[in-house]
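Trainee: below are the sequence and a predicted model for it; my questions follow.
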Amino acid sequence: MAQNRTFSRAGIFFFVFLLLHFLYDFIPHPVVGTFSGTSEAVFQHLKMGFYAYLAAGLLESLLIRAYRPLLAPRVLFPLLGTAVVVPWMLFLLYYLLPAFFGDVENMVFHVTYSIFITYIAGVSAAVVRDELATARLSPGFRVVILILSAATLVIMLTFNSAAPPLDLFELP
């Protein structure tokens with residue numbers, strides 16, 4: 001049962017990620033661009049991962065009655081903490097391919113790999129979130145989660161509209 005929930009949660013994350021990946025193409029409005037990808041830059045994908053994971057958690061809380069309310073500490077802190085880590089899971093998993101094989105020019109393989117690692121990041125995040133939900137989180141750990149969540153949000157909002165001239169923010 002718990003394993004099915006993990007895969008379901010990863011599926012919800014993946015679906016929301018895909019929605020955010022293409023939403024700006026259909027609705028090119030600055031508000032939509034705040035949450036969705038506006039280009040193929042690495043930062044845009046990290047941003048989509050962060051917002052997709054938060055949105056997936058919100059959807060779970062609204063749609064699945066067995067879950068506790070979103071603002072319950074055993075739901076909120078694991079969700080926020082994991083949402084901060086999801087972009088880095090995407091980053092680490094994505095860059096394993098070039099680490100082992102260099103630049104892969106086959107677009108079909110590249111897209112298939114990207115889909116696979118996005119889903120695997122969702123599975124990994126669900127596992128981490130479930131572990132955090134069962135752990136006793138100290139007040140200090142909760143403060144760290146809040147600080148890192150706020151820092152992530154500030155970076156996502158600030159650099160979305162005024163990206164610095166760094167590789168992470170430019171098209172590959």
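Mentor: Yes, it's here.
Trainee: who's in contact with the residue nearest the centre of the chain?
Mentor: By Cα atoms, centre = their mean, the chain has its centre lying nearest to residue 49, at 2.4 Å. Applying Cβ atoms under 8 Å, 6 or more residues apart in numbering, we find residue 49 in contact with 17, 86, 87, 89, 90, 118, 121. In this view, the C-beta of every residue, glycine as well, is placed from N, C-alpha and C.
Trainee: where's it, which helix or strand?
Mentor: Applying DSSP states H and E as the criterion places residue 49 in helix 42-63.
Trainee: next, count neighbours for residue 35.
Mentor: If you count neighbours by other Cβ atoms under 10 Å, residue 35 ends up with 19.
Trainee: correct me, but it touches residue 21?
Mentor: No - in this structure, residue 35 is not within contact of residue 21 by Cβ atoms under 8 Å, at 11.0 Å.
Trainee: tell me the secondary structure for residue 148?
Mentor: Secondary structure assignment for residue 148 (DSSP: H, G, I helix; E, B strand; the rest coil): helix.
Trainee: do you know how far it is from residue 72?
Mentor: Distance, residue 148 to residue 72, using Cβ to Cβ, to the nearest Å: 20 Å.
Trainee: neighbour-wise, which of those two wins?
Mentor: The residue with more neighbours, out of residue 148 and residue 72, is residue 148; 15 against 12, by other Cβ under 10 Å.
Trainee: for the more buried one, give me its contacts.
Mentor: Applying Cβ under 8 Å, 6+ apart, we find residue 148 in contact with 81, 84.
Trainee: swap in 6 Å and give it another go.
Mentor: residue 84 (Cβ atoms under 6 Å, 6 or more residues apart in numbering).
Trainee: tell me the pLDDT at it?
Mentor: For residue 148, the model assigns a pLDDT of 96.
Trainee: measure it to residue 82 for me?
Mentor: 11 Å.
Trainee: now swap in residue 166 and tell me
Mentor: 26 Å.
Trainee: out of these two, which sits in the busier spot?
Mentor: residue 82 (24 against 10).
Trainee: and the more buried one, helix, strand or coil?
Mentor: helix.
Trainee: name the nearest residue to it, sequence neighbours excluded.
Mentor: In space, and not counting its chain neighbours, residue 82 is closest to residue 129: 4.3 Å by Cβ to Cβ, 6 or more residues apart in numbering.
Trainee: what about that neighbour, which helix or strand?
Mentor: Judged by DSSP H and E, residue 129 forms part of helix 107-134.
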